[in-house]
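# Dropping the sequence and predicted coords here.
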Amino acid sequence: MWNSITLCSLCKFSPSSTSLLFSRTPILHHVLQRKYKDLCKDKKTAQILRNQFCQVTKRTCNVLPRCLVSNKAKYRRYTKTYPVLDGHIPIVYQHVFEENLRNSEAVIQRYSELLERVSKGGGENAIMRHTQRNKKLFVRERLKMLLDDESFLELSPLAGLSMPYGDVPAAGCVTGIGKICGVWCVFMANDATVKGGTIYPIGVKKQLRAQEIAMQNRLLSVYLVDSGGAFLPLQSELFPDKSDGGRVFYNEAIMSAMKIPQVAVVCGSCVAGGAYVPTMAEETVIVDKIGTLFLAGPPLVKAATGENVSPEDLGGARLHSKVSGCSDHFASSEKEAYECVRNIISTLNYEPLPEEVVEYDDPLYSSDELLGLAPRGYNYTLPVKLILSRLIDGSRFQEFKADYGTTLVTGFGHVEGHLVGIVASNGELSHDASLKGSHFIQLCGQRSIPILFFQNTAPHAAQPTSIAQAEAHANRLKAQASMMAAVACAAVPKITIVIGGCYGSESYIMCGRSFSPNFLFLWPNARVALVDSRHFFTITKAEDNDCKGDESELNHLKAKLEEESSAFYSSARLWDDGVILPQNTRKVVSQCLEIIKQQKYQFISSCQYPVIRM
Ligand code: COA
């Protein structure tokens, strides 16, 4: 349903002129039917009207949604009444703020350097070889050509950096979520400039995570395949365990049975195991000259049979389109292949998200100040409401149990118009805080409201020094277990942002990776470890008085633990979905909520069988 404010803004009337509005609704009908020419006598006026409409609805592609819904009035009514958080930073916090700011600037500098390294794939020479000699587009150009617009949420770009087996930029496979024909899709695109697009163990993990996101959020998947198959020197880590390479193909069948469509483009080599990705996809496009698909390439044929055969004759685009049936569409160029993908997606009968013209308020405080609030260590943590006041619409927050269990902050707010339940660490997760958390999470489950966790857990629990304290600890453990159960079983979308520490068992309770949040991102200052290495150092010294100990060994251990606790170390290993800048958090969270919302508009049948290639 359209409400009057949306109608007014579309037809350029003031919201007060509702009487005028109703006499103009046929105009709107024509606009919705895209009958611009019926409305306007000449082509130029039609174009102006069309452009204005696109501007109002902020659309960037040509496809109009089938139904347009606006909940602007509803949104206004509720959000404007929430109390406003006081986000002023008291002068006594100035010193901590500045320390945090210095740390944030240093880690962000490092983050930018790493991103820059990743954006070059396998390096300039490899890109030259790929584009000039092999006449293929660089993976990021391919994505640009395929996507509706710039709104691409890249997942784990730092995955694969500084692995024990070397640097594998972006794990050799760019993954992310973007829109085609107005529909959010998950992309998995091999980067052949990184060792011929071969699959490393971290590459398998990255593809499996992308498929998991597709399944959890019911997102259709697009594979751009350009890969030499398994990276053979690491074959024992790629085959044959449950979460090794074969799981990607298994998931393709399961996803198809779940009615999650999958489309593949063979835009390079698909050798050995890699050949199953397009063959298992529901529809596959192959690009002439550059796309090949075979279980064993020409060198292996030569070794086995002595026969010389060209890649094209062994498994090129014509062969697979005309003879084998491994591909369903022949494209004479990459451009044509991506147009074909758009056409395929328009046949999927997928309902794009309704376009909503939601007006929301920005937070009252600058997001740049988040850099001074992002704690460089647990001891540098400032009240979390200072952070919330810079992230939620109008800094308005309907707090739940404000005066109880105050080391956890819970309540409702909006992020770019999306209603969320917020659970934010504000100290050690005490007995009362855990009970409050359990209660609040159940409320969100009951009301089907997505939960947003802001995690900053304590690096160590204080040791009990008396029986009474030990009893209190046991009670706290029980309360924490209840919150853990509530988090695990809440049947609503969950997004976790690690804003500081992700330490020990409290990180599970705050919806860490093992509690399967739909998305988990880290701020660059985040620390991820069982215990804080700085604390570990003092314990070891204090508890080891007798042992003179080799100090340099301890220092070495400390340096190792510190490095292994950094956000970049975590992201390289795919313990999260990526590092995000604090000042971009609102944008990323809002995008995730929109992506999650898409499944609300899908018709889901009880089909149990995948599409089987014939
Ligand atoms: N395992 C390990 N390394 C591999 C590899 C594999 N399966 N396939 C390619 N590489 C390496 C190459 O040794 C080369 O390394 P270098 O840059 O250090 O010299 C790099 O990847 C690029 O390969 P190159 O052959 O120079 O690039 P290309 O663009 O001309 O061809 C392929 C790419 C994938 C078509 C080609 O390398 C190939 O056919 N590889 C073998 C594929 C295969 O048989 N896989 C079976 C896996 S089960």
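Cool, got the structure.
# which ones are touching the residue in the stretch 451-600 of the chain that the ligand sits nearest to?
Nearest residue of the stretch 451-600 of the chain to the ligand: residue 572, at 20.4 Å (CB to the nearest ligand atom). C-beta here means a position set from N, CA and C on the backbone, and glycine is covered the same way. Going by CB atoms under 8 Å, 6 or more residues apart in numbering, residue 572 touches 158, 159, 160, 161, 162, 163, 202.
# what do you get if the cut-off is 6 Å, keeping everything else the same?
Going by CB atoms under 6 Å, 6 or more residues apart in numbering, residue 572 touches 158, 161, 162.
# Who's the closest spatial neighbour of the first one, skipping the chain neighbours?
The reference is to residue 158. Take residue 158 and drop its neighbours on the chain: the residue closest to it by CB to CB, 6 or more residues apart in numbering is residue 571, 4.3 Å away.
# Where does the one you found sit, in terms of helix or strand?
Take DSSP states H and E as the rule and residue 571 turns out to sit in helix 567-572.
# Could you list every helix and strand that the longest strand seen in the chain packs against?
Of all the segments of type strand in the chain, defined by DSSP state E, the longest one is strand 262-271. Under the contact criterion of 3 or more CB pairs under 6 Å, 6 or more residues apart in numbering; DSSP states H and E, the helices and strands touching strand 262-271 comprise strand 220-227, helix 276-280, strand 283-287, strand 292-294, helix 334-346.
# Following element in sequence after the longest one, please.
Per DSSP H and E, the first helix or strand lying C-terminal to helix 334-346 is helix 370-373.
# Does residue 437 touch residue 483 like I think?
Yes. Taking contact to mean CB atoms under 6 Å, the distance of 4.4 Å between residue 437 and residue 483 places them in contact.
# just the angle between the longest strand of the chain and strand 283-287, please?
For strand 262-271 against strand 283-287, the angle between stretch directions is 40 degrees (axes from the mean of the first three to the mean of the last three CA atoms, to 10 degrees).
# List the contacts of strand 262-271.
Outside strand 262-271, the residues that reach it (CB under 6 Å, 6+ apart) are 136, 192, 221-226, 228-229, 252, 278, 281-287, 291-293, 297, 334, 337, 341, 344.
# Stretch 144-159 now?
Contacts with stretch 144-159, where a contact means CB under 6 Å, 6+ apart, come from 60-61, 114, 118, 170-171, 175-179, 202, 206, 338, 571-572, 574, 577-578, 591.
# just to revisit the earlier point, near the ligand, list only the ones from the contacts of strand 262-271.
Contacts with the ligand within the contacts of strand 262-271, as defined by CB under 6 Å from any ligand atom: 228, 229, 297.
# what residues are up against the first one?
Right, the one you point to is residue 228. Applying CB under 6 Å, 6+ apart, the residues contacting residue 228 are 196, 197, 198, 269, 271.
# can those go into TSV with extra columns for distance to residue 450?
What follows is the contacts of residue 228, written out as TSV (distance: CB to CB, whole Å):
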residue	distance to residue 450
196	41
197	36
198	38
269	41
271	41
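# So what would you say the end-to-end distance of stretch 561-574 is?
Taking CA to CA, to the nearest Å, the span from the opening residue of stretch 561-574 to its closing residue is 18 Å.
# hmm, who's touching whichever strand or helix holds residue 585?
Element membership for residue 585 (DSSP H and E) is helix 585-597. Contacts of helix 585-597 from elsewhere in the structure, counted by CB under 6 Å, 6+ apart, are 153, 177, 184, 217, 391, 415-416, 418, 493, 495, 518-519, 580.
# quick revisit: output the helices and strands packed on strand 262-271 as JSON lines; include the columns mean neighbour count, distance to residue 361 and mean pLDDT.
Compiled in JSON lines, those are given as follows (neighbours: other CB atoms under 10 Å; distance: least, CB to CB, whole Å; pLDDT from 0 to 100):
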{"stretch": "strand 220-227", "mean neighbour count": "27", "distance to residue 361": "33", "mean pLDDT": "97"}
{"stretch": "helix 276-280", "mean neighbour count": "23", "distance to residue 361": "45", "mean pLDDT": "96"}
{"stretch": "strand 283-287", "mean neighbour count": "27", "distance to residue 361": "44", "mean pLDDT": "98"}
{"stretch": "strand 292-294", "mean neighbour count": "26", "distance to residue 361": "52", "mean pLDDT": "96"}
{"stretch": "helix 334-346", "mean neighbour count": "19", "distance to residue 361": "35", "mean pLDDT": "97"}
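# Look up phi and psi at whichever residue of the stretch 151-300 of the chain sits closest to the ligand.
For the stretch 151-300 of the chain, the residue positioned closest to the ligand under CB to the nearest ligand atom is residue 228, at a distance of 2.7 Å. Summarising the backbone geometry of residue 228 under the convention degrees, to the nearest 10, its torsions are phi -80, psi 20.
# hmm, back to that, what about the helix holding residue 585, average pLDDT?
Confidence over helix 585-597, taken as the mean pLDDT, stands at 97.
# C-alpha coordinates for that helix, PDB please?
Presented in PDB, the C-alpha positions along helix 585-597 are these (Å, rounded to 0.1, in the frame of the first residue of the first chain):
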ATOM      1  CA  THR A 585      29.100   0.500  10.600                       C
ATOM      2  CA  ARG A 586      25.700   2.100  10.100                       C
ATOM      3  CA  LYS A 587      25.800   1.600   6.300                       C
ATOM      4  CA  VAL A 588      27.000  -2.000   6.600                       C
ATOM      5  CA  VAL A 589      24.400  -3.000   9.200                       C
ATOM      6  CA  SER A 590      21.700  -1.300   7.200                       C
ATOM      7  CA  GLN A 591      22.800  -3.100   4.000                       C
ATOM      8  CA  CYS A 592      22.800  -6.500   5.900                       C
ATOM      9  CA  LEU A 593      19.300  -5.900   7.200                       C
ATOM     10  CA  GLU A 594      18.100  -5.100   3.700                       C
ATOM     11  CA  ILE A 595      19.700  -8.300   2.400                       C
ATOM     12  CA  ILE A 596      18.200 -10.400   5.200                       C
ATOM     13  CA  LYS A 597      14.800  -8.900   4.500                       C
END
